[in-house]
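A.B. asks: A predicted structure for the sequence below; I have some questions about it.
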Amino acid sequence: MEAHTAVDLCREAIRISILISLPVLSAGVVVGLVIGLLQALTQVQEQTIAIVLKILAMVLVLAWLMPWMTQHMMEYSTELFVFIPERLGP
C-alpha cells in the first residue's frame with residue numbers, strides 16, 4: 001500500500017468520525033450555552049443541572065439520529081472492505 005493511499009483512508013475515517021459525532025456534540029454545546037446563559041441570568045450556579053440536561057440532550061439526539069449514523073458507518077465499512085482487496089490484490 002502506498003503512502004498516499006493510507007493517508008486517504010485515514011482522512012476518510014476522520015471525516016466520517018467528525019460527520020457522525022458533530023450533531024451529538026452540537027446538541028451538547030447548544031444546551032450548555034443556553035443553560036449557562038440561564039444560570040448567569042438567575043445566578044443559580046448549580047453544575048448538576050447543566051450536566052444532566054446536556055447528557056439528556058445528547059442521548060436524545062443520539063437516539064434520534066442512530067439510523068442515519070449507522071447508515072454512514074455501514075457505507076464506510078462496506079467501501080473499506082471492497083477497497084482493501086482491490087488495492088492489496090495481485
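C.D. replies: The structure has been received and is ready for your questions. Numbering: from 1, shown residues only.

A.B. asks: Chain neighbours aside, what residue packs nearest to residue 19?
C.D. replies: residue 72 (6.5 Å; CB to CB, 6 or more residues apart in numbering). In this view, the C-beta of every residue, glycine as well, is placed from N, C-alpha and C.

A.B. asks: Any idea how many residues pack against that neighbour?
C.D. replies: Look at residue 72: counted by other CB atoms under 10 Å, it has 14 neighbours.

A.B. asks: Now tell me what touches stretch 31-46 from outside.
C.D. replies: 49, 50, 53, 54, 57, 58 (CB atoms under 8 Å, 6 or more residues apart in numbering).

A.B. asks: Let me see the mean pLDDT of that stretch.
C.D. replies: Throughout stretch 31-46, pLDDT has a mean value of 89.

A.B. asks: pLDDT value on the residue positioned nearest the centre of the chain, please?
C.D. replies: For the chain, the residue nearest the mean C-alpha position is residue 21 (0.5 Å; CA atoms, centre = their mean). Listed pLDDT for residue 21 reads 94.

A.B. asks: Find the helix or strand that it is a member of.
C.D. replies: Counting by DSSP states H and E, the element that carries residue 21 is helix 3-42.

A.B. asks: Could you give me the buried positions within that helix?
C.D. replies: 16, 20, 23, 24, 27, 28, 31, 35 (16 or more other CB atoms under 10 Å).

A.B. asks: could those go into a markdown table alongside distance to residue 41?
C.D. replies: What follows is the buried residues of helix 3-42, written out as a markdown table (distance: CB to CB, whole Å):
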| residue | distance to residue 41 |
| --- | --- |
| 16 | 39 |
| 20 | 34 |
| 23 | 27 |
| 24 | 27 |
| 27 | 21 |
| 28 | 20 |
| 31 | 16 |
| 35 | 11 |
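
A.B. asks: How far off centre is the longest helix anywhere in the chain?
C.D. replies: With DSSP state H setting the assignment, residue counts place helix 47-88 as the longest helix in the chain. Once both centres are worked out by CA atoms, centre = their mean, to the nearest Å, helix 47-88 turns out to sit 6 Å from its chain's centre.
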